[in-house]
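Visitor: Could you look at this predicted model? Sequence included:
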Amino acid sequence: MNEIAMSDVAKRLQMADSSLRRWFPLMEQAGYVFERKENNRRQLTEQDIVALLEMKRLSQVMTLPEACQRVVQLIPLGNKGNRGQEEQEFERLLSQLSDAIYWQGTEGPIAQLRSQWEKVKSS
């Protein structure tokens with residue numbers, strides 16, 4: 001795999017390296033998974049660049065945390081990192097729990113989260 005330099009990504013997105021680096025923790029908190037090298041540094045892929053381009057576009061019309069949530073929803077779960085699909089789905093549900101509780105009440109979203117957690121434990 002060819003290594004994609006952070007500076008090249010920043011140039012492609014027409015933004016400062018420092019701004020781009022601030023987005024990574026926000027995306028990870030929302031459930032996005034970046035591949036990692038042996039030294040635990042992020043190994044950016046073309047898919048990550050697509051996600052970052054979408055983040056930039058969305059950040060023009062919504063807050064960064066909202067944009068992160070939307071990007072995580074748009075990126076196929078099977079292509080993110082080395083984790084199992086069940087774990088990724090659990091993290092997605094967990095990241096959306098407060099909104100789900102607001103709109104649906106507590107019973108349904110929590111039951112869905114528990115069900116997904118059981119799938120994660122059994123995988």
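Guide: Done, it's in. Nothing here was measured: the structure is a model prediction, and the numbers come from that model.

Visitor: Arg57 belongs to a helix, doesn't it?
Guide: Yes. Counting by DSSP: H, G, I helix; E, B strand; the rest coil, Arg57 is found in a helix.

Visitor: Counting neighbours, what do you get for Arg41?
Guide: Here the count is done by other C-beta atoms under 10 Å, and Arg41 has 12 residues near it. For glycine as for every other residue, the C-beta is placed from the backbone atoms N, C-alpha and C.

Visitor: Same check on Met62?
Guide: 12.

Visitor: and what of Ala51?
Guide: 22.

Visitor: thinking it is in contact with Leu26, fair?
Guide: No. Ala51 is beyond contact range of Leu26, at 11.9 Å (criterion: C-beta atoms under 8 Å).

Visitor: Ramachandran coordinates for Asn40?
Guide: Here is the backbone geometry of Asn40 (degrees, to the nearest 10): phi 70, psi 10.

Visitor: Over to the one 4 residues further on?
Guide: Backbone geometry at Leu44, expressed as degrees, to the nearest 10, gives phi -80, psi 140.

Visitor: Report pLDDT for Asn79.
Guide: Predicted confidence (pLDDT) for Asn79: 47.

Visitor: Give me the average confidence score over the helix of greatest length in the chain.
Guide: The longest helix of the chain (DSSP state H) is helix 107-122. Mean per-residue pLDDT for helix 107-122: 77.

Visitor: Send me that helix as CSV with only the CA atoms.
Guide: Provided in CSV are the C-alpha atoms of helix 107-122 (Å, rounded to 0.1, in the frame of the first residue of the first chain):
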residue,chain,number,x,y,z
GLU,A,107,-36.8,1.7,25.5
GLY,A,108,-36.3,1.0,21.7
PRO,A,109,-32.8,2.5,21.3
ILE,A,110,-31.4,0.9,24.5
ALA,A,111,-32.9,-2.5,23.5
GLN,A,112,-31.3,-2.2,20.1
LEU,A,113,-28.0,-1.3,21.7
ARG,A,114,-28.1,-4.3,24.1
SER,A,115,-29.0,-6.6,21.2
GLN,A,116,-26.0,-5.4,19.2
TRP,A,117,-23.7,-5.7,22.3
GLU,A,118,-24.7,-9.4,22.6
LYS,A,119,-23.7,-9.9,18.9
VAL,A,120,-20.3,-8.2,19.6
LYS,A,121,-19.7,-10.4,22.6
SER,A,122,-20.5,-13.6,20.7
